[in-house]
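Asker: Curious how this folds, go ahead:
(chains A and B)
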2 protein chains.
Amino acid sequence: MDAGGTKLLGAAVDGDLMVRHRVHRFWRGADRQETLGIIQDAVEEVRSAAPDVEAVGFGIPSLVDFAQGRSVWSNHLPIHDLPFRDLMSERFDLPVVVDNDANAAALAEHRHGAAKGSEHAVLLALGTGIGGGMVINGKLYRGANGFAGEFGHMVVDHDGAECPGECPGRGCLEVLASGAAFGRAGQIAASKAPDSVLGRRLADGHEITGGIVTELAHAGDEEARSVLAEIGCRLGSGLVSIVNSLDPEVIVIGGGAVAAGDLLLDNAREVVADRALPPAGERVRIVPAAFGDESGMLGAALLALEEGAA
Amino acid sequence: MDAGGTKLLGAAVDGDLMVRHRVHRFWRGADRQETLGIIQDAVEEVRSAAPDVEAVGFGIPSLVDFAQGRSVWSNHLPIHDLPFRDLMSERFDLPVVVDNDANAAALAEHRHGAAKGSEHAVLLALGTGIGGGMVINGKLYRGANGFAGEFGHMVVDHDGAECPGECPGRGCLEVLASGAAFGRAGQIAASKAPDSVLGRRLADGHEITGGIVTELAHAGDEEARSVLAEIGCRLGSGLVSIVNSLDPEVIVIGGGAVAAGDLLLDNAREVVADRALPPAGERVRIVPAAFGDESGMLGAALLALEEGAA
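Answerer: A predicted model of the protein is given here:
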């Protein structure tokens, strides 16, 4: 189960990472009890289709105390200070493992995806916000308290706008380059160019989402392409910080926004090549997630397989 | 030997970290041959006073390939692409170990100083530039190529000024909060307030250095204190990025600029408390280096003792 800021994605996954019985749920605005109810309902739906489920892995958009299975704090869901693992384990009478959603995604991409074979890798998941995870010396690194990898809350503009959600920061990378930022920038671009395809969509009463911007950019709309290019540059500034701080072999870009592909990543790569310290910036690879926006779900399954199942 | 961007600091150090026969050299503007000559001369001076030296450890302000003992690239000294270890080992006929200067400082502070007892620590050295090093799971972490820890080149102002030195970046933390930045900000503050103590120093023909700003701030000059407070805030933005990315137990602030003490660090701590993700920001400690600006020298000696001496 991969619980993101906007939606939940789940499935039954076997030891060969074969995926069956996908479930989806949306929960914008749900309170704590509703959120937990939606999660429970999604798990039950998968279990009724796949009664042989042996353990449940969760990636959640929280700072997680991994050893305790506790959701300590969340920027995007009302699940602060919650003994998530024990709560879910009791509800399902199954072993449960819980980690930060982007940590789970980093694990899947490192084991079987775009970072396979590397010892030092970073994953950024561009969705409602920007999640992050990292592999250090071949293993997932969680920091002193389990809170490491929140690269979306690196400050890239120290006098910048307040971060949305619960984050008390300003000018965070998440403000400038998340999937939600695609939509905000697209909205502005559409207002400024009412005769563009993007502008006409807005005039026709559509909400300009990241998905629409990406779709129009792939179809060739210059306005939409400019939005992605600009966000790619901002993303690049964040990647420069990561490259200079951590010297990874590979940075994997995942989450829903990776649908933008090279329309986003080419500019990010160019900023890294131009502005990171030369030897590190020249050597790092910046690649899309092999599992697209399913990395988190697969990583949660890997955690369940490895740490949850008897 | 700790070779910084402006000066070299060396000594004979024994297994109990007793320091004898300190040497100092300055090399602003020296070319490659002169720089290497100054280093050689300083080592010879120590050896003539302490003929029982068994190995030489170097911290250098470079991206270092540690396994090869190679200086790959340097922002502040003309020692790019140089087989530093082998060159020095040949000159002295002694075992030589070389690492990034701030990695050496992080090692000393982790083993015997302000980060002792922690498993997850970051060191920032505020001098001519900003160096950095980190301890992950109790060990120095160097990244994929040996280039990790360059926190001074995290982007904190993505449309900001060009980074001085060889760095191709913009808006790097080093531009905003290094020891050299103290002097630049002090110069501006002095020009704006010609009747302040700081302003009169400038009018008297003194160059406003970081050292003068710090000295006047400790003596109570409000203008100088404002300079340190403002730089403390900027430093805080960088620390927010580090806390959210790496979730360390402790961040040690070293280098010459640590002489500013709490006049600098109090504001940095306040920004972290206000703007980092709450649980990580509340738990991290931000402390001055126990060895002041000698952490790098002591760390270089530790490297020589552990990896160089027979």
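Asker: Point me to the residue of the stretch 201-310 of chain A nearest chain B.
Answerer: Distances between the stretch 201-310 of chain A and chain B by CB to the nearest CB are smallest at A:Asp247, namely 2.7 Å. The C-beta positions use only the backbone N, C-alpha and C, and glycine is treated the same way.
Asker: which ones are touching the closest residue to that residue other than its chain neighbours?
Answerer: If the residues on either side of it in the chain are set aside, A:Asp247 comes closest to B:Gly143, at 2.7 Å by CB to CB, 6 or more residues apart in numbering or on different chains. B:Gly143 is in contact with A:120, A:246-248, A:280, B:149, counting by CB atoms under 8 Å, 6 or more residues apart in numbering or on different chains.
Asker: need those residues in TSV with pLDDT, distance to A:Ile39 and neighbour count, can you?
Answerer: TSV is the format used below for the contacts of B:Gly143 (pLDDT from 0 to 100; distance: CB to CB, whole Å; neighbours: other CB atoms under 10 Å in any protein chain shown):
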residue	pLDDT	distance to A:Ile39	neighbour count
A:His120	98	33	24
A:Leu246	98	32	29
A:Asp247	98	37	26
A:Pro248	98	32	29
A:Ala280	94	40	28
B:Gly149	98	39	27
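Asker: What strand or helix carries the residue nearest to A:Asp247?
Answerer: B:Gly143 belongs to no helix or strand when elements are defined using DSSP states H and E.
Asker: May I have the phi/psi pair for it?
Answerer: Main-chain dihedrals, B:Gly143, degrees, to the nearest 10: phi 80, psi -170.
Asker: Read off the pLDDT value for it.
Answerer: As predicted, B:Gly143 sits at a pLDDT of 98.
Asker: cool, the one 5 residues further on as well?
Answerer: Per-residue confidence for B:Ala148 comes out at a pLDDT of 98.
Asker: quick one: contacts for it?
Answerer: A:245-247, B:134, B:141-142.
Asker: of the residues you listed, closest to A:His21?
Answerer: For the contacts of B:Ala148, the residue nearest A:His21 by CB to CB is A:Leu246; the value is 37.1 Å.
Asker: Name the nearest residue to the closest one, ignoring sequence neighbours.
Answerer: B:Ala148 (5.4 Å).
Asker: near chain B, which residues of the stretch 151-300 of chain A show up?
Answerer: A:151, A:153-159, A:167-171, A:176, A:234, A:237-238, A:240-242, A:244-249, A:274-280, A:283 (CB under 8 Å from any CB of the partner chain).
Asker: Narrow those to those in helices?
Answerer: A:176, A:234, A:237-238, A:240-242, A:244-246, A:274-275, A:278-280, A:283 (DSSP state H).
Asker: Buried ones among those?
Answerer: For these, a burial check counting by 16 or more other CB atoms under 10 Å in any protein chain shown picks out A:176, A:234, A:237-238, A:240-242, A:244-246, A:275, A:278-280, A:283.
Asker: Am I right that A:His153 is in contact with B:Leu277?
Answerer: Yes - here A:His153 reaches B:Leu277: they are 5.9 Å apart, a contact under CB atoms under 8 Å.
Asker: Please enumerate the shared neighbours of those two.
Answerer: Both A:His153 and B:Leu277 are in contact with A:167, A:169, B:244, where contact means CB under 8 Å, 6+ apart.
Asker: So for stretch A:184-194, what gets flagged as buried?
Answerer: Buried, per 16+ other CB under 10 Å, within stretch A:184-194: A:184-187, A:189-190, A:193.
Asker: where's it relative to the chain centroid, distance-wise?
Answerer: 25 Å (CA atoms, centre = their mean, to the nearest Å).
Asker: Show the contacting residues for A:Gly149.
Answerer: A:Gly149 makes contact with A:100, A:102-103, A:106, A:131-134, A:141-143, B:245, B:247, according to CB under 8 Å, 6+ apart.
Asker: Just send those residues back as JSON lines, with distance to A:Ile79 too.
Answerer: Output for the contacts of A:Gly149, formatted as JSON lines (distance: CB to CB, whole Å):
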{"residue": "A:Asn100", "distance to A:Ile79": "12"}
{"residue": "A:Ala102", "distance to A:Ile79": "16"}
{"residue": "A:Asn103", "distance to A:Ile79": "16"}
{"residue": "A:Ala106", "distance to A:Ile79": "21"}
{"residue": "A:Gly131", "distance to A:Ile79": "15"}
{"residue": "A:Gly132", "distance to A:Ile79": "19"}
{"residue": "A:Gly133", "distance to A:Ile79": "19"}
{"residue": "A:Met134", "distance to A:Ile79": "23"}
{"residue": "A:Tyr141", "distance to A:Ile79": "23"}
{"residue": "A:Arg142", "distance to A:Ile79": "18"}
{"residue": "A:Gly143", "distance to A:Ile79": "20"}
{"residue": "B:Ser245", "distance to A:Ile79": "22"}
{"residue": "B:Asp247", "distance to A:Ile79": "19"}
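Asker: hmm, back to that, which of the buried residues of stretch A:184-194 sits closest to B:Gly220?
Answerer: Of all the buried residues of stretch A:184-194, A:Arg184 has the smallest distance to B:Gly220: 46.9 Å, by CB to CB.
Asker: okay, the closest one: pLDDT?
Answerer: 93.
Asker: need the strands for the stretch 201-310 of chain A, in chain order.
Answerer: A:250-254, A:285-288 (DSSP state E, counting those that start in this stretch).
Asker: for those strands, which one ends up most surrounded?
Answerer: strand A:250-254 (a mean of 27; mean count of other CB atoms under 10 Å in any protein chain shown).
Asker: for A:Leu77, helix, strand, or coil?
Answerer: coil (DSSP: H, G, I helix; E, B strand; the rest coil).
Asker: Enumerate every residue touching A:Val122.
Answerer: A:Val122 neighbours (CB under 8 Å, 6+ apart): A:106, A:132-135, A:151, A:242, A:246, A:248, A:250-252.
Asker: do the same with A:Ile212
Answerer: A:183, A:186, A:198, A:201, A:206.
Asker: for the spatially closest residue to A:Asp65 that is not a sequence neighbour, phi and psi?
Answerer: Nearest residue to A:Asp65 in three dimensions, chain neighbours excluded: A:Gly146, at 4.9 Å (CB to CB, 6+ apart). Main-chain torsions, A:Gly146, degrees, to the nearest 10: phi 90, psi 10.
Asker: and if you look at A:Pro168?
Answerer: phi -80, psi 10.
Asker: and the gap between the residue nearest to it when sequence neighbours are not counted and A:Arg234?
Answerer: Excluding the flanking residues, the one nearest A:Pro168 by CB to CB, 6+ apart is B:Arg275, at 5.4 Å. Distance, B:Arg275 to A:Arg234, using CB to CB, to the nearest Å: 19 Å.
Asker: do the same with A:Ser295
Answerer: Distance from A:Ser295 to A:Arg234, by CB to CB: 22 Å.
Asker: again with A:Gly296
Answerer: From A:Gly296 across to A:Arg234, the span is 23 Å (CB to CB).
Asker: Point out where chain A drops to low pLDDT.
Answerer: Along chain A, the parts satisfying pLDDT under 70 run over A:309-310.
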